[in-house]
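Participant: show me how the following folds:
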Amino acid sequence: MISASLSLFLAGFACGQLLWGPLSDVTGRKPVLLCGLGIFAASCLAMLWVTSPVMLLALRFIQAIGVCAAAVSWQSLVLDHYPASRSQKIFATIMPLVALSPALAPLLGSWLLAHYHWRSVFLVLTLITVALMASTLFVPAASRTSVPPRAKRRIKSGLPGCWLIASIAAMC
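Facilitator: All right, here's what the predicted structure looks like:
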């Protein structure tokens with residue numbers, strides 16, 4: 001069950017990249033980030049009422065699609081808002097935290113499992129995500145003039161193909 005959960009999460013994350021990357025170029029980074037975090041928060045919250053293994057696996061897939069929006073858009077958000085020299089300093093600050101998260105997250109999860117129910121992990125993830133969404137509201141929207149209209153048309157015409165690939169991957 002754990003391996004299936006991880007496999008579906010990774011598949012959802014891969015599909016999410018096909019969706020969120022082009023969409024953020026068309027609609028902007030902030031709306032994509034808020035939408036993705038909203039999907040992630042809702043699916044984490046839904047985990048509190050999971051009644052079957054199939055439901056758990058489906059929600060893990062949906063979680064991955066949602067959280068992928070943050071993975072796809074955070075670097076672009078920094079580059080959109082800061083000059084190159086400042087962006088490098090921000091990346092130098094953030095990247096060690098990103099590198100530490102795979103080590104720290106299991107420690108927090110283990111502590112929650114030892115002291116509470118397994119669903120508490122998803123409750124904590126929901127609360128963290130809601131806090132991130134609230135802080136994202138204060139991020140100014142970047143201008144989308146950097147994407148030429150011709151490129152936007154190509155991106156928009158490719159979105160149905162991304163949905164098709166994601167649908168096929170979900171059936172596998």
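Participant: tell me, how many residues neighbour Cys15?
Facilitator: By the criterion of other Cβ atoms under 10 Å, Cys15 has 22 neighbours. Backbone N, C-alpha and C define where each C-beta goes, glycine included.
Participant: tell me which residues of the helix or strand where Ala14 lies are tucked away?
Facilitator: Of the helices and strands defined by DSSP states H and E, Ala14 is found in helix 2-27. By neighbour count with 16 or more other Cβ atoms under 10 Å, helix 2-27 contains the buried residues 5, 8-9, 11-13, 15-26.
Participant: other residues contacting whatever helix or strand comes next after that helix?
Facilitator: Downstream of helix 2-27, the first helix or strand assigned by DSSP H and E is helix 29-46. By Cβ atoms under 8 Å, 6 or more residues apart in numbering, the list of residues contacting helix 29-46 from outside reads 16, 20, 23-24, 59, 62-63, 65-70, 72-74, 76-77, 80, 122-123, 125-126, 129-130, 132-133, 136-137, 139, 141-142.
Participant: which of these are buried, as a PyMOL select command?
Facilitator: In PyMOL, a selection of the buried entries from the contacts of helix 29-46 looks like this (16+ other Cβ under 10 Å):
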select buried, resi 16+20+23+24+59+62+63+65+66+67+68+69+70+72+73+76+77+80+122+123+125+126+129+133+136
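Participant: which ones among the contacts of helix 29-46 are found in helices?
Facilitator: Among the contacts of helix 29-46, DSSP state H puts 16, 20, 23-24, 59, 62-63, 65-70, 72-74, 76-77, 80, 122-123, 125-126, 129-130, 132-133, 136 in helices.
Participant: okay, and for the protein, where does confidence drop off?
Facilitator: Along the chain, the model assigns pLDDT under 70 to residues 143-172.
Participant: give me the residue at the spatial middle of it.
Facilitator: Residue closest to the mean C-alpha point of the chain, counted by Cα atoms, centre = their mean, is Val67 at 1.8 Å.
Participant: cool, thanks, signing off.
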